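[1] How does the following fold in three dimensions:
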Amino acid sequence: RYSLQDIPDPNLYRDVYPYDDIPKIAFNHRRVPISMPEDVWITDTSFRDGQQSMAPYTVKQIVDLYKLLSRLGGPYGIIRQTEFFIYSQKDRKAVEKCMELDLKFPEITTWIRASKEDFRLARDLGIKETGILVSCSDYHIFKKMKMTRQQCLDYYLGTIKDAFNAGVIPRCHLEDITRADFYGFVVPFVNELQALSREAGIPVKIRACDTMGYGVPYTEVALPRSVPGIIYGLQHYSDVPSEMLEWHGHNDFYKAVANASTAWLYGACAVNCSLLGIGERTGNVPLEAMVFEYASLRGSMDGMETLGVIFAKNLNLSIGNFVMIFNVILYLTIGIINTSFVFNRIIRSDLNNDSCWIENDYLTYLDSTHGEFETSTLDLSFLWLFGLRCHNRFIIFVKDNFCIVNSLGYVTKNIKCNLWSHIEELSVLTNTEG
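    Numbers count the residues shown, from 1 in each chain. Here you go, the predicted structure:
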């Protein structure tokens with residue numbers, strides 16, 4: 001077992017994070033085994049971290065998106081939980097409205113700072129589980145909180161004891177774990193949490209938070225950046241069971257999805273995501289990406305409902321009239337298909353550039369389910385048939401109309417035509433500037 005190292009000065013890992021240069025990836029050539037749990041799932045932070053990079057959602061938007069998450073996660077609750085802010089009256093009203101729906105999944109949880117005042121807010125709402133911010137790097141302990149490691153640990157434990165006393169499951173968010181002294185603070189702290197949990201007879205959950213996106217999925221990488229090493233260490237040196245272990249990543253260095261998948265592979269049951277990856281700075285793990293990662297790793301969708309009409313009907317509620325769509329997962333999820341898909345489907349072979357098949361009756365279903373076509377701004381609720389993205393523009397088709405939409409979401413041209421008889425004209429339009 002490891003004991004707390006209450007050092008007088010912070011360990012900032014300046015050899016790995018020099019600040020005036022690109023962060024370094026150090027290797028120690030130690031391997032840990034893959035140990036994927038029998039069951040894995042997704043948790044959502046769209047209403048918490050997802051609101052830290054954009055204008056806050058309205059209550060109605062939150063309720064509608066919450067229903068969307070429940071439907072997308074399917075009857076088995078692959079999207080198991082979601083978390084909410086509870087600081088403003090609007091936040092609390094949104095929680096109450098979602099609780100009134102009485103949906104089994106995703107379970108409603110909250111997010112608080114490690115203070116008794118915040119905990120009382122969660123307890124008064126009748127929440128069964130709450131996330132508690134417990135920053136664990138010396139950057140936070142020494143420079144932000146102005147404490148020593150021992151003072152910080154005692155402060156955190158006091159709040160978590162209050163949660164146990166009230167019968168609430170604490171989910172401890174180990175903020176900035178990829179810059180933390182893993183064996184000098186993280187493991188001793190989690191061991192204390194495990195002891196309190198056994199004493200209270202209530203489980204404690206551990207969320208490993210890659211707050212800055214520094215985590216790397218490669219084997220043989222040294223801590224604190226090793227995702228396999230963090231998951232393995234929490235399981236084997238702090239006895240955290242897989243079902244109590246969760247990964248939360250950011251995409252600053254473009255590894256959010258790979259790191260989340262690695263956390264699953266090495267023993268964490270849960271990965272924390274947000275719709276479209278919308279979150280602080282460069283964003284979180286995209287939830288829709290992990291839906292497809294789940295299906296790839298498990299060999300089944302397990303009841304998740306990915307039919308594009310769900311996103312097409314509701315996603316505009318979350319981001320209004322502006323959206324950025326960059327990846328094939330979203331193309332396949334809401335029916336936006338790139339140029340090579342359409343032209344290969346019509347002119348060449350299906351297998352040339354298509355990553356997977358979309359049924360023809362899927363397009364028919366989308367076309368026959370909705371009403372009138374909007375042409376003023378890019379509102380995802382009218383992406384009913386399909387579209388092409390070319391040179392940072394979108395070509396949106398609905399019935400016999402198509403319009404060209406620029407990267408800011410404004411229609412620049414609206415034309416009435418028959419798509420199939422104007423395929424040559426369309427080819428010219430999609431490859432010209434202006």
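[2] Please count neighbours and contacts with C-alpha atoms only from this point.
    Noted.
[3] Please enumerate the strands of this protein.
    With DSSP state E as the definition, the chain shows strands at residue ranges 41-44, 79-84, 107-113, 129-133, 169-174, 205-209, 245-248, 270-273, 386-390, 393-398, 401-405, 411-416.
[4] just flag whichever of those strands has the lowest average confidence.
    Lowest mean pLDDT within these: strand 386-390, at a mean of 33.
[5] Kindly calculate the angle that the longest helix seen in the chain makes with strand 107-113.
    Looking across the chain with DSSP state H, the single longest helix is helix 149-165. With axes from the mean of the first three to the mean of the last three CA atoms, to 10 degrees applied, the angle from helix 149-165 to strand 107-113 works out at 150 degrees.
[6] which residues are in contact with helix 149-165?
    Residues from elsewhere that reach helix 149-165, judged by CA atoms under 8 Å, 6 or more residues apart in numbering: 4-7, 114-116, 119, 134, 138, 141-142, 145, 169-170, 185, 189, 193, 196-197, 200, 202.
[7] hmm, try it at 6 Å
    Residues outside helix 149-165 that contact it (CA atoms under 6 Å, 6 or more residues apart in numbering): Asp6, Ala114, Lys116.
[8] how close does the nearest residue to the first one once chain neighbours are set aside sit to Ser137?
    By the measure of CA to CA, 6 or more residues apart in numbering, the closest residue to Asp6 outside its immediate chain neighbours is Arg149, 5.4 Å from it. Distance from Arg149 to Ser137, counting by CA to CA, to the nearest Å: 9 Å.
[9] Spatially central residue in the protein, please.
    Cys273 (1.4 Å; CA atoms, centre = their mean).
[10] show me the contacts for that residue.
    Applying CA under 6 Å, 6+ apart to Cys273 gives the contacts Asp44, Thr45, Val285, Pro286, Leu287.
[11] Do I have it right that the third one meets Leu275?
    It refers to Val285. No - under the criterion of CA atoms under 6 Å, Val285 is not in contact with Leu275, lying 8.4 Å apart.
[12] Those two: who's more crowded?
    Comparing Val285 with Leu275 by other CA atoms under 10 Å, the one with more neighbours is Val285, at 31 against 23.
[13] Just the local confidence number for the more buried one, please.
    96.
[14] List the residues that contact it.
    Residues near Val285 by CA under 6 Å, 6+ apart: Gly249, Ala256, Val257, Cys273, Gly277.
[15] looking at the sheet around the fourth one, what are its partners?
    Partner residues in beta bridges with Cys273: Asp44, with DSSP bridges as the criterion.
[16] Need the contact partners of stretch 127-144.
    So stretch 127-144 is contacted by 10, 109-114, 147, 168-176, 179-180 (CA under 6 Å, 6+ apart).
[17] Any of those buried? List them.
    Among these, those classed as buried by 16 or more other CA atoms under 10 Å are 10, 109-114, 168-176, 179-180.
[18] With distance to Arg14 added, can I get the contacts of Cys273 in JSON lines?
    Shown next, in JSON lines, are the contacts of Cys273 (distance: CA to CA, whole Å):
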{"residue": "Asp44", "distance to Arg14": "33"}
{"residue": "Thr45", "distance to Arg14": "31"}
{"residue": "Val285", "distance to Arg14": "27"}
{"residue": "Pro286", "distance to Arg14": "30"}
{"residue": "Leu287", "distance to Arg14": "33"}
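[19] Show the end-to-end separation of stretch 45-52, please.
    End-to-end distance of stretch 45-52: 10 Å, with CA to CA as the criterion.
[20] I'd like the distance between Thr82 and Lys255.
    Distance from Thr82 to Lys255, by CA to CA: 22 Å.
[21] These two: which has the busier surroundings?
    Applying other CA under 10 Å to Thr82 and Lys255 shows that Thr82 carries more neighbours, namely 25 against 18.
[22] Enumerate the beta-bridge partners assigned to the more buried one.
    Bridge pairing for Thr82 (DSSP bridges) gives the partners Asp44, Ile108.
[23] and it, what does it touch?
    Going by CA under 6 Å, 6+ apart, Thr82 touches Thr43, Asp44, Thr45, Pro106, Ile108.
[24] Ranking by neighbours, what's the top pick from these?
    Taking other CA under 10 Å as the neighbour criterion, Asp44 ranks highest of the contacts of Thr82 with 30 neighbours.
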